[in-house]
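Colleague: Requesting a structural model of the entry that follows:
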Amino acid sequence: MPVRMVEVLRSGVVESIHYGDAVAIRADGQVICSIGDHERITFFRSTSKPLQAIYFLETGIVEKFGLDLKEVAIISSSHIGENEHIQTLKSILGKIGEDESVLKCGMHEPISKEAAGRIAASRGKLTVLHNNCSGKHIGLIATSKTKGYEIEGYYKENHSVQIGAQSIIAEFANLEPSTMQKGFDGCGVPVIAAPLKNLAQAYANLCNNEFKGGKYIKSQNYLISAMTMYPEMIGGKERTDSELMKQFGGRIICKLGDEGVFCVGVIGKGIGIALKIEDGSMRALGPAVINLLINLGIIGNSEINELEKIWRPPVINHKGDIVGEIHPL
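Modeller: Residues are numbered from 1 along each chain as shown. Okay, here's the model as predicted:
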């Protein structure tokens, strides 16, 4: 059963409660900590992106197209559509010899309210690059070109690039491919559902240099360097994963996913953490994740002053007054 993780207070009165499940696990499968039900089935959603990026790197896209760490970070991202994100995506497209018309992720306004406001004010054009999954789609296209696959249909379940990416996810998460449950993500590509402990296992292995005898160590190290050196590319301003890696990038990598999913890997320790907010609320993620990291001893209370707005975000009314607080239990 999920447990109470986060409360929303208004003038001292508990107005809402968010329940969730969480697990921390070692690369060898030993459960360190379990809260709620670590067997709960949930979709990886965007927490799968760093794992998919391992597949992209293994095919040789860095060498073939001359991609740098910043560009590898954006293909692992759920970016919020800031100008730097868009320019980096355009840089990759230029290197692989394609334009945005090949992307099949669909369009939506930038997650960043500032970026959306600038587009509206300037009557600018909304493009597929503003989709928060556009980096992953470019990674899929670059990988298809590297492997000699047809680009057409790259997003479909039976395309070779999707089969390859899912195989890597299954390997890191210790899943049997034939038993995996699947659905489709918000950007139209296949997404895997698995027990929460397997999401944690994937991140434990991602941060374990001995995984498969070091088979993927070059790609693992390159990805970890990309995520921790360019955390702003993984999400953006005030996104929980980006802000955590800005401050603790020497210790952890992390990635959020829609519907209240969050994964953390502890660098060099082979420890993975996965958390799911039961009602899918994204506002509960920051408080729940930071509280969990504190209680596991991965970060300290004295280190989170700059993350106060994520750990205990204020409830603000339309006048800009603080009328309450979202806080972890």
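
Colleague: For Lys276, grab phi and psi.
Modeller: The phi/psi pair for Lys276 (degrees, to the nearest 10) reads phi -130, psi 120.

Colleague: which residues sit in contact with it?
Modeller: Counting by CB atoms under 8 Å, 6 or more residues apart in numbering, Lys276 makes contact with 20-22, 40, 42, 196, 260-262. Glycine gets a C-beta too; all of them are placed from N, C-alpha and C.

Colleague: can you give me the strands in the stretch 1-150 of the chain?
Modeller: 3-10, 13-26, 31-35, 41-43 (DSSP state E, counting those that start in this stretch).

Colleague: Among the contacts of Lys276, which one lies nearest to Gln220?
Modeller: Phe262 (20.0 Å; CB to CB).

Colleague: Against Ile277, how distant is that closest one?
Modeller: As defined by CB to CB, to the nearest Å, Phe262 lies at a distance of 8 Å from Ile277.

Colleague: So between the two, which is more surrounded?
Modeller: Comparing Phe262 with Ile277 by other CB atoms under 10 Å, the one with more neighbours is Phe262, at 29 against 24.

Colleague: does that one really touch Val289, like I thought?
Modeller: Yes - between Phe262 and Val289 a contact is recorded at 5.1 Å, counting by CB atoms under 8 Å.

Colleague: Find residues that contact each of those two.
Modeller: Counting by CB under 8 Å, 6+ apart, the residues touching both Phe262 and Val289 are 240, 254, 275.

Colleague: From those residues, which land in helices?
Modeller: Residues of those located in helices (DSSP state H): Thr240.

Colleague: Let me know the closest of the shared contacts of Phe262 and Val289 to Ile169.
Modeller: Checking the shared contacts of Phe262 and Val289 against Ile169 by CB to CB gives Cys254 as the nearest, at 16.9 Å.

Colleague: so what's that closest one up against?
Modeller: Here Cys254 is in contact with 240-241, 244-245, 262-265, 289 (CB under 8 Å, 6+ apart).

Colleague: From those, which land in helices?
Modeller: 240-241, 244-245, 289.

Colleague: could those be laid out in a markdown table, adding neighbour count and distance to Phe211?
Modeller: Shown next, in a markdown table, are those (neighbours: other CB atoms under 10 Å; distance: CB to CB, whole Å):
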| residue | neighbour count | distance to Phe211 |
| --- | --- | --- |
| Thr240 | 22 | 26 |
| Asp241 | 28 | 22 |
| Leu244 | 28 | 23 |
| Met245 | 26 | 21 |
| Val289 | 27 | 24 |
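
Colleague: Just name the closest of the residues you listed to Gln220, please.
Modeller: Met245 (15.9 Å).

Colleague: Just give the nearest non-adjacent residue to the closest one, would you?
Modeller: Excluding the flanking residues, the one nearest Met245 by CB to CB, 6 or more residues apart in numbering is Pro231, at 3.6 Å.

Colleague: Just to check, the one you found is in contact with Lys246?
Modeller: Yes - Pro231 lies in contact with Lys246 (CB under 8 Å); the separation is 4.9 Å.
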